[in-house]
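> Have a look at this fold, sequence not included:
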DNA sequence: TTCCGACAGTGGGGTCGCAAT
DNA sequence: ATTGCGACCCCACTATCGGAA
């Protein structure tokens, strides 16, 4: 199949807003793909490369290349070239990658170049990624959508399921069962603004501490242990102490879900930055492990001794977990019967925060494990802090925010009467706010370099954030975690904005 | 008819490893 | 030795579609 066809379909998908139409367009393309093209066409139309990320970003892409006049590239050509590109490493590799990308782009028409650019940068922006591709695949093969979705979650890969499905038809879905050693997409949580709201929605539930670490899925089959992240990367080699802990457990074959986190000598959780840095260390694991040892803390079990527990209610899964994993290696929790016991849950949240953790997750006791879904049966609750900050500048947005000033530069007042930038945010704005702030900030503009519009520091905005973290980038030595706009405070003047001093005082555990 | 669940988009900061400078 | 880039951890929030209620 020609790449040209994919580029055309992608454009058409982007141009339609109806999801049903997007699905139909993808299904038609999938039906027409030859068997050898399927493992390429499906990920491409889901906005990903079958090779995963291959070390090509904006810099490596380099300058635009004159497009070819006539389409000639096949998808298999492109795939072969990108596989070659992914292999390039060592000195001179960046230039070589740039050369290979240039060669590929030069063989592509304008439409194809735009499509490839999206694929290589991971930003196809056609309003359809995995979910729509899965639905399209179901439609193309006549398999029930729910069955295809489930198979993809269990396989952890759309591509694998697509190949099997197109080769052997709907019966192939039977093959995708929960298997120890094959990671499944983890279940995710929604947010609730308070414990009361969460308990109100869920009724009887478990309220568990939420640890600020790295999600981990632990597979043990006898003496073999494998560890996977939320996106199913294999991180076994980086966390030997987690492997050792898994081997200490009583069961022989199981899949556990939990969090990896580092505790200091006093048993307090280290900052997310420290834990994440440790988990990211690959070159000298032994040294990293001595400096920042990590522990697994589990909250769910998906499989024990060959039994698939995914469809069991959480209460039953947890009973299995308690049999398998000793209490210190499980998250702390409390059971709440319903809204009458909201107070218990609130007390538990307060205790959890007191122990230095992030917040809590309320979990319905009768819900199954919805692999790969952001189920409404898990609700996280974290304390939210707010600040009044001054807008220093704003950046021109992209995509649907093109022509709008989007990303705000935020500052707090300093002791000497100046302003210290604390970070940026693009979150929390409605379309109406975007329109309003674009207009207002343009009135205050003193400079526009085409990317950043600098303004007179007169506008005050109320910002919500989850916490403070150390920063080498910003002048106060700290930055806000997950900052988002709540509202503009036109009733306030810059002199009324919060100061760095009060911010630091509110987070004594963070040292700039 | 209205409500709400699921998705995609729009980007944020930090850290590590590697290549370039 | 330092700097810059890309990958990958963490993530919030809004708009929209389309099925559920």
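Okay, I see it. For clarity, every value in this text was computed on a predicted model and none was experimentally measured.
> Give me the phi and psi for residue A:408.
Dihedral pair for residue A:408: phi -90, psi 140, per degrees, to the nearest 10.
> what about it, distance to residue A:48?
31 Å (Cβ to Cβ, to the nearest Å). Placement of C-beta: from N, CA and C, glycine included.
> Just confirm residue A:438 is within a helix.
Yes - assigned with DSSP: H, G, I helix; E, B strand; the rest coil, residue A:438 falls within a helix.
> Tell me how many other residues surround it.
Counted with other Cβ atoms under 10 Å, the neighbours of residue A:438 add up to 18.
> got it, and residue A:298?
Counted with other Cβ under 10 Å, the neighbours of residue A:298 add up to 20.
> repeat for residue A:370
Residue A:370 - counted by other Cβ under 10 Å - has 19 other residues nearby.
> per-residue confidence for the nearest residue to it once chain neighbours are set aside?
Distances taken as Cβ to Cβ, 6 or more residues apart in numbering put residue A:187 closest to residue A:370, at 5.1 Å, once the chain neighbours are dropped. Note on residue A:187: pLDDT of 96.
> and residue A:378, backbone torsions?
Dihedral angles (degrees, to the nearest 10) for residue A:378: phi -120, psi 120.
> Identify all residues paired with it through a beta bridge.
For residue A:378, the beta-bridge partners under DSSP bridges are residue A:363.
> Would you mind measuring from it to residue A:206?
Distance from residue A:378 to residue A:206, by Cβ to Cβ: 10 Å.
> okay, those two: which has more neighbours?
Shown here are residue A:378 and residue A:206; by other Cβ under 10 Å, residue A:378 has more neighbours (26 against 21).
> Enumerate every residue touching the more buried one.
A:187, A:188, A:189, A:190, A:361, A:362, A:363, A:364, A:367 (Cβ atoms under 8 Å, 6 or more residues apart in numbering).
> ok so, going back, isn't the residue nearest to residue A:370 up against residue A:375?
Yes - using Cβ atoms under 8 Å, residue A:187 is in contact with residue A:375, at 5.8 Å.
> Pick out whichever of these two has more residues nearby.
Legend: neighbour count by other Cβ under 10 Å for residue A:187 and residue A:375, higher for residue A:187 (22 against 18).
> Can you give me every residue that contacts the more buried one?
By Cβ under 8 Å, 6+ apart, the contact set of residue A:187 is A:257, A:300, A:369, A:370, A:371, A:372, A:373, A:375, A:378.
> From those, pick the one nearest residue A:75.
Taking Cβ to Cβ as the measure, residue A:75 lies nearest residue A:372 of the contacts of residue A:187, at 26.5 Å.
> quick revisit: and for residue A:378 and residue A:206, which residues touch both?
With Cβ under 8 Å, 6+ apart, residue A:378 and residue A:206 have common neighbours A:362, A:363.
> Next, count neighbours for residue A:474.
Residue A:474 has 18 nearby residues by other Cβ under 10 Å.
> and the gap between it and DNA strand C?
Distance, residue A:474 to DNA strand C, using Cβ to the nearest atom of the strand, to the nearest Å: 15 Å.
> Spatially nearest residue to that residue (excluding sequence neighbours)?
Excluding the flanking residues, the one nearest residue A:474 by Cβ to Cβ, 6+ apart is residue A:421, at 5.6 Å.
> residues in contact with the one helix or strand the one you found maps to?
In this assignment (DSSP states H and E), residue A:421 forms part of strand A:419-425. Contacts with strand A:419-425, where a contact means Cβ under 8 Å, 6+ apart, come from A:389-390, A:392, A:395, A:407-414, A:457, A:463, A:471, A:474-476, A:478-480, A:483-485, A:494, A:500, A:503.
> Tell me which of the residues you listed fall in helices.
Those of the contacts of strand A:419-425 mapping onto helices are A:500, A:503, per DSSP state H.
> What is the burial count for the residue in the stretch 251-400 of chain A that DNA strand C sits nearest to?
Closest to DNA strand C within the stretch 251-400 of chain A is residue A:276: 5.3 Å, counting by Cβ to the nearest atom of the strand. Residues near residue A:276, counting by other Cβ under 10 Å, number 18.
> Any residue of the helix or strand that contains it touching DNA strand B?
Element membership for residue A:276 (DSSP H and E) is helix A:272-280. Yes - Helix A:272-280 reaches DNA strand B (Cβ under 7 Å from any atom of the strand) through A:273, A:276, A:277, A:280.
> how close does the closest residue to residue A:236 other than its chain neighbours sit to DNA strand B?
Setting aside the residues directly before and after it, residue A:236 is nearest to residue A:227 in space (Cβ to Cβ, 6+ apart), at 4.6 Å. Residue A:227 sits at a distance of 16 Å from DNA strand B (criterion: Cβ to the nearest atom of the strand).
> ok, now residue A:19?
Per Cβ to the nearest atom of the strand, residue A:19 is found 8 Å from DNA strand B.
> ok, now residue A:246?
Taking Cβ to the nearest atom of the strand, one finds residue A:246 at 23 Å from DNA strand B.
> Do you know the pLDDT at that residue?
98.
> Then residue A:166?
Reported pLDDT at residue A:166 in the predicted model: 89.
> Kindly report the same for residue A:201.
So residue A:201 comes in at 94 (pLDDT).
> tally of neighbours for it?
What residue A:201 shows, counting by other Cβ under 10 Å, is a neighbour count of 16.
> quick one, phi psi at residue A:288?
Phi and psi for residue A:288, reported as degrees, to the nearest 10, are phi -60, psi -40.
> Look up the closest residue to residue A:281, ignoring the ones flanking it.
Residue A:281 sits nearest to residue A:288 (Cβ to Cβ, 6+ apart), 3.9 Å away.
> since we're on whichever residue of the stretch 351-500 of chain A sits closest to DNA strand B, how many residues are nearby?
Nearest to DNA strand B in the stretch 351-500 of chain A, going by Cβ to the nearest atom of the strand, is residue A:399, at a distance of 1.8 Å. Number of residues near residue A:399 (other Cβ under 10 Å) recorded here: 8.
> Verify the contact between it and residue A:125 for me.
Yes - at 5.9 Å, residue A:399 and residue A:125 qualify as touching, with contact defined as Cβ under 8 Å.
> Give me every residue in the stretch 1-150 of chain A that's in contact range of DNA strand C.
Residues of the stretch 1-150 of chain A lying near DNA strand C (Cβ under 7 Å from any atom of the strand): A:17-21, A:52-61, A:122.
> Can you go through the residues you listed and name the buried ones?
A:54, A:56, A:60, A:61 (16 or more other Cβ atoms under 10 Å).
> Per-residue pLDDT of the residue lying closest to the last one once chain neighbours are set aside, please?
Among residues not flanking residue A:61 along the chain, residue A:101 sits closest, at 5.9 Å (Cβ to Cβ, 6+ apart). Residue-level confidence at residue A:101 comes out at 97, pLDDT.
> Now residue A:101: which helix or strand?
Assigned by DSSP H and E, residue A:101 belongs to helix A:93-106.
> what does that helix contact?
A:55-56, A:59-62, A:64-68, A:73, A:78, A:81-82, A:84-85, A:88, A:113, A:116, A:120.
> Show me those residues that map onto helices.
A:59, A:60, A:61, A:78, A:81, A:82, A:84, A:85, A:113, A:116, A:120.
> sorry, back to before: pull up the gap between the residue of the stretch 251-400 of chain A closest to DNA strand C and residue A:333, please.
Going from residue A:276 to residue A:333 by Cβ to Cβ gives 24 Å.
> Over to residue A:430?
In terms of Cβ to Cβ, residue A:430 sits 37 Å off from residue A:333.
> Name the residues of the stretch 51-200 of chain A found near DNA strand B, please.
A:89-95, A:123-133, A:149.
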